[in-house]
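A.B. asks: Any chance you can model this:
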Amino acid sequence: MEHWNVLLASHVVAALFVLAIGPAQILRRRRDRVHRAMGYLWIAAMYYTCLSSFWIVTGGHFSWLHGLSAFTLVTVTLGLISAIRRNIPAHRGNMVGSYIGTAIAFGFAVAAPGRAIPELLAVDPASAVFVALLVAGTVAAVYLSLFRGGLNGSGRRRPLAAVDRSPAGRA
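C.D. replies: Below you'll find the model as predicted:
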């Protein structure tokens, strides 16, 4: 089995984080502060996943996955620039495409024999399940904290007095 080290483990965790956040970002109707905050986390995890892949090589050679990482770095950057420029169709296309590419790479990493993840699943499935649950729990905690956290649109905390708790304020 390929040697598991901090780089490989953190790469896998970041990729799982990207995969867990993606559907919520794509399917949520509202494009609000939660979408923006989770989007920045998603972009950071995506950059880490792509960049770290260049130090994960088999036999000293790059594979097509490294080409996908380079392409994804470009599309994520274009998606971020498009969002900043308020070009939402270009933003959506780049980000959805980046997510689909990541899902394809994940499918290959899990299904291809001789790769680290299938061997880990065969040798130590409990660790794999633990990591998956840890990532899912982290994503849920971040979403909950953003939904309930009381940030206003500028990213600053709302003053307690500004929170309207009356029934009319909840409508």
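A.B. asks: do you know how far residue 57 is from residue 90?
C.D. replies: 33 Å (C-beta to C-beta, to the nearest Å). All C-beta spots, glycine's among them, are computed from the backbone N, C-alpha and C.
A.B. asks: Of these two, which one has the most company?
C.D. replies: Taking other C-beta atoms under 10 Å, residue 57 and residue 90 do not tie; residue 90 has more neighbours (15 against 11).
A.B. asks: which residues in this structure form strands?
C.D. replies: Along the chain, counting by DSSP state E, no stretch forms strands.
A.B. asks: just for it, where's the confidence low?
C.D. replies: Residues of the chain that meet the criterion pLDDT under 70 lie in 1-4, 150-171.
A.B. asks: swap the cut-off to 90 and go again
C.D. replies: Along the chain, the model assigns pLDDT under 90 to residues 1-13, 24, 27-34, 53, 55-68, 104-171.
A.B. asks: And residue 109, how close does it get to residue 12?
C.D. replies: 8 Å.
A.B. asks: Now the common contact residues for the two.
C.D. replies: Common contacts of residue 109 and residue 12 (C-beta atoms under 8 Å, 6 or more residues apart in numbering): residue 117.
A.B. asks: of these two, who's got more company?
C.D. replies: Ranked by neighbour count (other C-beta under 10 Å), residue 109 and residue 12 place residue 12 first, with 23 against 16.
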